[in-house]
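Asks: for reference, the sequence and a predicted model appear below.
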Amino acid sequence: MLEFKDFHDRLVTLDFDSSPEARHVLAICRFNGKYLMTHHQVRGIEFPGGKVDGHESLQEAVHREVFEETGGSIEDLKCIGSYTVHGPQPFTKAVYFVKIKDLFFKCEYMETYGPVLYGTAGDVPDEERSLLLEDACIRYLYDLSKKHEFFE
């Protein structure tokens with residue numbers, strides 16, 4: 001287990017196992033050699049993800065969230081683990097590395113302006129970056145994705 005502090009100074013723990021308590025998902029996506037992100041209407045550019053609906057599995061939630069926010073169709077995914085943000089209302093998020101097969105144009109992208117592609121997360125302009133891209137745990141996971149055999 002690794003420990004981080006988030007931008008609210010809360011403890012964040014990262015485990016490299018899928019957690020049955022996870023009710024949120026985060027997808028670090030690659031498409032045609034680039035990172036596929038979404039432009040959230042409030043937070044800015046970030047990796048897609050969100051809450052698990054009803055009795056949906058974590059994998060079903062990843063497929064739905066990626067498609068809703070980017071129009072991306074998943075070719076393959078790998079669960080990397082899960083992280084928990086500790087605080088008054090703790091939550092756990094399962095993290096997936098995702099290979100995208102196709103991008104489809106949509107008229108509505110569910111809380112986002114749709115997909116954006118970048119060679120690296122560092123290429124996202126400062127004025128458009130979500131605070132989530134600055135989060136220590138998410139930065140660690142992004143750095144891990146750059147050297148992970150799943151994306152080779």
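Replies: On my side now, so go ahead.

Asks: can you name the next helix or strand after the helix or strand where Ala27 lies?
Replies: Assigned by DSSP states H and E, Ala27 belongs to strand 24-31. Next along the chain after strand 24-31, taking DSSP H and E as the criterion, comes strand 34-40.

Asks: report all helices and strands that that next one contacts.
Replies: The helices and strands touching strand 34-40, judged by 3 or more C-beta pairs under 8 Å, 6 or more residues apart in numbering; DSSP states H and E, are strand 24-31, strand 44-46, helix 58-70, strand 112-118. The C-beta positions use only the backbone N, C-alpha and C, and glycine is treated the same way.

Asks: can you name every helix or strand that the longest one contacts?
Replies: Same thing as helix 58-70. Going by 3+ C-beta pairs under 8 Å, 6+ apart, helix 58-70 lies up against strand 24-31, strand 34-40, strand 49-51, strand 72-85, strand 91-103, strand 112-118.

Asks: buried deepest among those, which one?
Replies: Burial of these is given as mean neighbour count (mean count of other C-beta atoms under 10 Å); strand 24-31 ranks first at a mean of 24.

Asks: partner strands of it and their direction?
Replies: Partners of strand 24-31 in the sheet, by DSSP bridges, are strand 34-40 (antiparallel), strand 49-51 (antiparallel), strand 91-103 (parallel).

Asks: Throw these into TSV and include mean pLDDT, thanks.
Replies: Output for those, formatted as TSV (pLDDT from 0 to 100):
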stretch	mean pLDDT
strand 34-40	96
strand 49-51	95
strand 91-103	95
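
Asks: the ones you listed: which one's closest to Val12?
Replies: Smallest distance to Val12 across the strands paired with strand 24-31 (C-beta to C-beta): 9.7 Å, for strand 91-103.
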